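> Model the following, please.
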Amino acid sequence: MAESEHPRLILHKFLSPDLCKELEFIHKSCSTIGYRKNVFSTTLSHLIATNSPHLILPFIPIQKLKEKVEEFFGCEYELFIEFTGLISWSKGASISWHSDDNRPYLKQRDYAAVCYLNSYGVDFGGGLFHFQDGEPTTFIPMAGDVLIYTADSRNVHSVEEITKGERLTLTLWFTRDKSHDEDVKLISFLTKCPFNCSDPSPSDYLPLPASQNMYWFPPEQSSTYQSGFDIRFARLHVLGYKPYSSDASSLTKKHSSSDFSDILLEPLSVVRGNELFDKEFANLSHLLQMVQFYHWKAPQLQRSSEFKMEPIKVVPISTSHRENICRLTVEFLKDEHLAETIFHCMSCGENDWVNFCGTVDLWEAYTSKLWHKMVVILPKWVANQSIFYEPNGWV
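Next up is the predicted model:
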């Protein structure tokens, strides 16, 4: 039990490297504009609302952190998880000295746990975590480590400004107040999802975008869309990809932003370099999820016999292709330099459309597996009004 004047706990390598990468995939596929400058977030309720409820399953085993918090602070069986969210900090983001209870509407929060998904000095610069008092005074974020502390004036803290890259965390807040139990709200949302189908088709779990202003950076420009960028478009760009739609050829400068935004809700293909992968994805969110899945799995992939070796149609981009790509880029990536500064350009290796095509099948298998797990476990969650991890009940 914690007896320090500034109670805090560090768990090294609590999250596995594989889980860190999986959560990074989810966040970079689904994130929206966050709650402070240059911060992006993915909440569990957002995943459910955008037809990706199955993606909350990788979070569930991490709930065992609650037991660690209860044991360390001597409050066994007293806590509820009040909030769970993936949060990333890009260049320019920081926190000045504050405690997590200094906002009246968050007084219910008793403890915080910050799980680090990537590493200082490797994936990002800056972003060191400092406590105003007590030991340790500075915490260096490393993938898999967890920092736990009381969300009150005993642990006033700050985060240094991010100087490069993107600092990724999974943050959980705990409360003694049952009325703020996150599980009840999430289960209510989940019961509205179509999990009555135990043998879904891929169309059942395709991601659906939220409103356009939730993806526009900086947020203050989302009313006019005259500067900045769509963060989904930008994440594709920094990996070397561009969306393509033949419908873009019909749009001109006379059309409104909503006319262009409608294209992002329709089928899109993907371009890399001078080649077009001639397969349509349901919408921009689906395309981004597929590219991020490929980027997650690419280091493990080889041209494998397990891939369905269907004909892969890749065509050189033509002048008309370029014009359509340019139309979309001008509309959704108005500040290319800012996008590259915020998200940091990364290499995804050479064009390998064979592996990319195989990844489409892997994504469907991954998503279908999670969906089937959710079909099995959801009735138990509903009956208990609690989200819990039961490995033997997942098939």
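
> Contacts for the helix or strand harbouring Ser96 next, please.
Using DSSP states H and E, Ser96 sits within strand 95-98. For strand 95-98, the external contacting residues (CB atoms under 8 Å, 6 or more residues apart in numbering) are 36, 132, 156-159. Any C-beta I mention is one placed from the backbone N, CA and C, and that applies to glycine too.

> Let me have the residues you listed in JSON lines, extended by distance to Pro17.
Output for the contacts of strand 95-98, formatted as JSON lines (distance: CB to CB, whole Å):
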{"residue": "Arg36", "distance to Pro17": "28"}
{"residue": "Gln132", "distance to Pro17": "32"}
{"residue": "Val156", "distance to Pro17": "32"}
{"residue": "His157", "distance to Pro17": "26"}
{"residue": "Ser158", "distance to Pro17": "28"}
{"residue": "Val159", "distance to Pro17": "23"}
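
> Please indicate which of these are buried?
Listed as buried from the contacts of strand 95-98 are 156-157, 159; burial here means 16 or more other CB atoms under 10 Å.

> Closest one to Ser119 out of the residues you listed, please.
Comparing those against Ser119 with CB to CB places Val159 closest, at 15.3 Å.

> Next one: the residue nearest to Leu11 when sequence neighbours are not counted relative to Phe139, how far apart?
Once flanking residues are discounted, Leu11 sits nearest to Val146: 4.2 Å by CB to CB, 6 or more residues apart in numbering. With distances taken as CB to CB, to the nearest Å, Val146 is found 10 Å from Phe139.

> shared neighbours, those two?
Ile10.

> correct me, but Phe14 touches Val114?
No - using CB atoms under 8 Å as the test, Phe14 is too far from Val114 to be in contact (11.1 Å).

> overlap in contacts of those two?
Val146.

> Any figure for the gap between the residue nearest to Leu11 and Lys68?
8 Å.

> Comparing those two, which residue is more hemmed in?
Val146 (22 against 15; other CB atoms under 10 Å).

> so that one bridges to which residues?
Taking DSSP bridges as the rule, Val146 bridges to Leu11, Cys115.

> check contacts around it.
10-11, 14-15, 65, 113-116 are the contacts of Val146 under CB under 8 Å, 6+ apart.

> Give me the buried subset of those residues.
Of those, these count as buried by 16+ other CB under 10 Å: 11, 14-15, 65, 113-116.

> before we move on, back to that, and which of the contacts of Val146 is nearest Arg176?
Ala113 (15.1 Å).

> Tell me the secondary structure of that closest one, please.
strand (DSSP: H, G, I helix; E, B strand; the rest coil).

> Tell me which residues touch it, please.
By CB under 8 Å, 6+ apart, the neighbours of Ala113 are 65, 69, 146-148, 171-174.

> now swap in Tyr215 and tell me
Each residue near Tyr215 by CB under 8 Å, 6+ apart is listed here: 32-33, 209, 230-232.

> was I right about Lys373 contacting Leu57?
Yes - contact criterion CB under 8 Å: Lys373 and Leu57 qualify, at 5.8 Å.

> hmm, back to that, between Val146 and Lys68, which contacts overlap?
Shared contacts of Val146 and Lys68, counting by CB under 8 Å, 6+ apart, come down to Leu11.

> per-domain residue ranges of the protein.
Residue ranges for the domains of the chain, per automatic domain parsing: 8-193, 212-371.

> Can you tell me how far Ser318 is from Phe281?
On the measure of CB to CB, Ser318 and Phe281 end up 20 Å apart.

> more crowded one of the two?
Comparing Ser318 with Phe281 by other CB under 10 Å, the one with more neighbours is Phe281, at 21 against 10.

> For that one, give me phi and psi.
phi -110, psi 150 (degrees, to the nearest 10).

> Tell me the backbone dihedrals of the closest residue to it other than its chain neighbours, please.
Spatial nearest neighbour of Phe281, chain neighbours left out: Leu287 (4.1 Å); criterion: CB to CB, 6+ apart. Main-chain torsions, Leu287, degrees, to the nearest 10: phi -60, psi -50.

> Ile148 too?
In terms of degrees, to the nearest 10, the main-chain angles of Ile148 are phi -120, psi 140.

> if we can go back for a sec, possible to save the domains of the chain as TSV with distance to Ser203?
Below are the domains of the chain laid out as TSV (distance: least, CB to CB, whole Å):
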stretch	distance to Ser203
domain 8-193	10
domain 212-371	8
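
> Any idea which of the ones you listed gets closest to Phe388?
domain 8-193 (7.0 Å).

> Can you measure across that closest one, start residue to end residue?
Domain 8-193 stretches 38 Å from its first residue to its last (CA to CA, to the nearest Å).

> Just the buried positions in the longest helix seen in the chain, please.
For the chain, the helix with the greatest residue count under DSSP state H is helix 353-384. Under the neighbour-count criterion of 16+ other CB under 10 Å, helix 353-384 has 353-360, 362-363, 366-368, 370-375, 377-378, 381 buried.

> elements contacting that helix?
helix 182-190, strand 275-281, helix 284-297 (3 or more CB pairs under 8 Å, 6 or more residues apart in numbering; DSSP states H and E).
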